[in-house]
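*Asks:* got a sequence here, can you model it:
(one chain, ligands or ions: 1)
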Amino acid sequence: MSASKERRDKGGVKIRQFFGRLFSPVDKNTANNVISEGSESSSGGSSAIGEISGPYNTVHRIHVGYDLNTKKFTGLPQSWLDILLRDISEADQKKNPTAVVTALKFYAATVMKSQETDKFIHITQQSVYPSDEDTDNDIDVVVTNDVDEQGNDLPPRRQHEEPQYYEKVSRHDRSAVEEAETQSCPTPIAPVVPPRMSKIHTSSPVTSSRPTLPRHRQPSEDTDDDQSPYLVPAALTDQRDFHGKPLLLAKGQPRSPAHRPPPLPPKPPHLKTSSSSPSPFVPSLIQLSPTSSKPSSEHSPSDTSSVDNLHSSAELDNQRRRRDSDPGAGADQAPFSSEDEHHQNGNGTAVEVPPPLVRVRPPQNSSSNEPPKPTPRKLTDSEVLEELHQIVNEGEPMAKYELLQKIGVGASGTVSTARARSTGEIVAVKRMMFKSQPKKEMLLTEIKVMQQYKHPNLVNYIESYLVEADDLWVVMDYLEGGNLTDVVVKTELDEGQIAAVLLECVKALNFLHSHSIIHRDIKSDNVLLGLKGAVKLTDFGFCAQIQPGSKRATMVGTPYWMAPEIVNKHKYNFKVDIWSLGIMALEMVDGEPPYLHETPLKAIYLIAQNGKPEVKKRDQLSPEFNDFLDRCLSVKAEERADTVELLAHPFLTKAKPLEALIPYIEAVKKLKQQPH
Ligand SMILES: Nc1ncnc2c1ncn2[C@@H]1O[C@H](COP(=O)(O)OP(=O)(O)OP(=O)(O)O)[C@@H](O)[C@H]1O
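*Replies:* Reported below is the predicted structural model:
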């Protein structure tokens, strides 16, 4: 098909000249083999680990050296070395051994660990959540000699000094770590070959399995072929899966060009601002009226009573009660309705005024002298079940809803459309097999966030059911436009449209952050679109609630969108969502996030090595957009913008009305419905 034909005129919709962003160079067959290899070896590995230590608070260390003469890593299991060489060239390894260690730690913390403890692995490029922050076993890479960025030895650290280049001891309970080490002897972790792209669930019970859910997402599994509303033209499925998610390609398979005709404004002279330089667009903090919403920074920790996770419904109930009794105590008291306030954008078009702005308290520098925080206890399955029972509705969902078409399959279950029998309303229903979920608490988190935190830019929860203690239904609004990934992959949004999408997402994040909630998995796949242009965040399973000023440590998210502080296993806070938002903005420009063609391991290496990704089309973007990107993609989290700053950013004032998205959403839907 010629480029001009590809650029169909669908109401002015610019179709990208490539069919779907590519996926990492992975051979599906290999990937499938990997699963079985991983599963087999994991049993062995798991039992070995089980003998060494108990199921919780243990760290399995891999001691890695760096030989300055040969400029090679030592101490790595052969399979790791193979993977390292496959994914990161020797030249790259030499260039920045520290970044290699970071990537290895990612591998250890995610792929490796999951294969030891979990049999449920999706070989797709998706979200990674390696372990519970504080309770699961952990595998850590420890460098036995320090190297600097050039691979040179560093002087030995004094005892009180924190390691600069890696975490010497895991974030987990130190005494338990030491105990595990004493017990554990240098048992090598069973070598396994990792999948390149994994959606990983780790579960404590080694025996857990998910026979009811597919291990590998295939287009045919995503939907019923015969009745799917999402019939994808063959060309479109070349490189993306059924939902526009990238498919795995064999290494070396050529990429499709991701270029598109440049909508070229003249290059502004001041474009080359560094990320750390202060933005010329940084607005001053907007003061909140006492009657609208109060910044969470005004909450004392006891007032907020945020827990380090969303486990305790009692705590959340308390928070709700506190907010109810104190009208100024939460941003949810603020009017979020888009009709409430409007202002004029540069074109004189009415655009939504963001909801009341809430600045989250910046993180305090944590002192190494601080006593360790108590480890939140992991809920048992029966406790999760008990909490679920308190949330879900009584009754038989089948009596209330008629299931229609399968929309897709996620890691935890299947999403279908359904019709409410009484009203005829079309809704989306996510069904999950509770008993076989490796991360049951995540379901709880997802439902609780949706249920308790309502906002026009968050997918609206309607109700949930638990049938026979296993068949969990989450009923929510159906967003007919599908996810943003399809739109960014197949069409070219202009800056006004990109700004419109970002504005809605920033509003959602402002709301979440104001409630001390980090989303932790911001990416286009998790932004759903309505046919009237609604833009809503979804997928709240990774959400974490933090005390204002505190930080998290778990490496979760999706590698390509992960902030540097996450890949470097540093403590992080809500600013990780801002970084991911910046990456998502790049997706809207380029059709894909940076490094998408690399394996996750290499991507992690590159994020650690490069920090801020190159904005390839910098010269083609307006100064405001460039500045917006710079503010989101500041490597130093403390210098990165927060949602308050972004909501007032001049780039977002360029947002077109949401209706401007409609032709694009419709065009993508039509493309998907075309027969193969
Ligand atoms: N409310 C909704 N309206 C329309 N489509 C939806 C809705 N919720 C999910 N989807 C679509 O259904 C598919 C599966 O969604 P799901 O949230 O289960 O996927 P996931 O994020 O990959 O997995 P998980 O949430 O289990 O980790 C995705 O393509 C998603 O865009």
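*Asks:* and the residue of the chain that's closest to the ligand?
*Replies:* residue 410 (2.1 Å; CB to the nearest ligand atom). To be clear about C-beta, it is placed using only N, CA and C from the backbone, and glycine gets the same treatment.
*Asks:* burial measure for the closest residue to that residue other than its chain neighbours, as a count.
*Replies:* Distance criterion CB to CB, 6 or more residues apart in numbering; nearest residue to residue 410, sequence neighbours excluded, is residue 430 at 7.3 Å. Applying other CB atoms under 10 Å, we find 22 residues neighbouring residue 430.
*Asks:* show me what residue 430 is bridged to.
*Replies:* residue 415, residue 474 (DSSP bridges).
*Asks:* what residues does the stretch 501-650 of the chain put near the ligand?
*Replies:* 528, 538, 539, 541 (CB under 6 Å from any ligand atom).
*Asks:* one more pass at 5 Å, please.
*Replies:* By CB under 5 Å from any ligand atom, the residues of the stretch 501-650 of the chain that approach the ligand are residue 539.
*Asks:* in the stretch 501-650 of the chain, which spans are strands?
*Replies:* Ranges of strands in the stretch 501-650 of the chain, per DSSP state E, counting those that start in this stretch, are 517-518, 527-529, 535-537, 544-545.
*Asks:* ranking these by mean pLDDT, which is last?
*Replies:* In terms of mean pLDDT, the lowest-scoring of the strands of the stretch 501-650 of the chain is strand 544-545 (a mean of 88).
*Asks:* name the helices or strands packed onto that one?
*Replies:* strand 517-518 (3 or more CB pairs under 8 Å, 6 or more residues apart in numbering; DSSP states H and E).
*Asks:* what lies in contact with the strand it packs on?
*Replies:* Outside strand 517-518, the residues that touch it by CB atoms under 8 Å, 6 or more residues apart in numbering are 449, 453, 512, 543, 544, 545, 546, 552, 573, 574, 576, 577.
*Asks:* same thing but 7 Å
*Replies:* 449, 453, 543, 544, 545, 546, 552, 573, 574, 576, 577 (CB atoms under 7 Å, 6 or more residues apart in numbering).
*Asks:* of those, which belong to helices?
*Replies:* Mapping the contacts of strand 517-518 onto helices (DSSP state H) picks out 449, 576, 577.
*Asks:* wait, the first one sits on residue 545?
*Replies:* No - with contact defined as CB atoms under 7 Å, residue 449 does not count as touching residue 545 (8.7 Å).
*Asks:* for residue 503, what are its contacts?
*Replies:* Residues in contact with residue 503 (CB under 7 Å, 6+ apart) are 652, 655.
*Asks:* next one: it from residue 562, what distance?
*Replies:* 23 Å (CB to CB, to the nearest Å).
*Asks:* likewise for residue 669?
*Replies:* 30 Å.
*Asks:* swap in residue 68?
*Replies:* 30 Å.
*Asks:* the more surrounded of these two?
*Replies:* The neighbour count for residue 68 versus residue 562, taken as other CB under 10 Å, is higher for residue 562 (28 against 13).
*Asks:* excluding covalently adjacent residues, which one is nearest to the more buried one?
*Replies:* residue 607 (6.4 Å).
*Asks:* residue 564 is in contact with that neighbour, correct?
*Replies:* Yes - applying CB under 7 Å, one finds residue 607 in contact with residue 564, separated by 5.7 Å.
*Asks:* so those two - more neighbours on which side?
*Replies:* Comparing residue 607 with residue 564 by other CB under 10 Å, the one with more neighbours is residue 607, at 29 against 23.
*Asks:* which parts of whichever helix or strand residue 466 is part of are buried?
*Replies:* Counting by DSSP states H and E, the element that carries residue 466 is strand 461-467. Within strand 461-467, the residues scored as buried using 16 or more other CB atoms under 10 Å are 461, 462, 463, 464, 465, 466.
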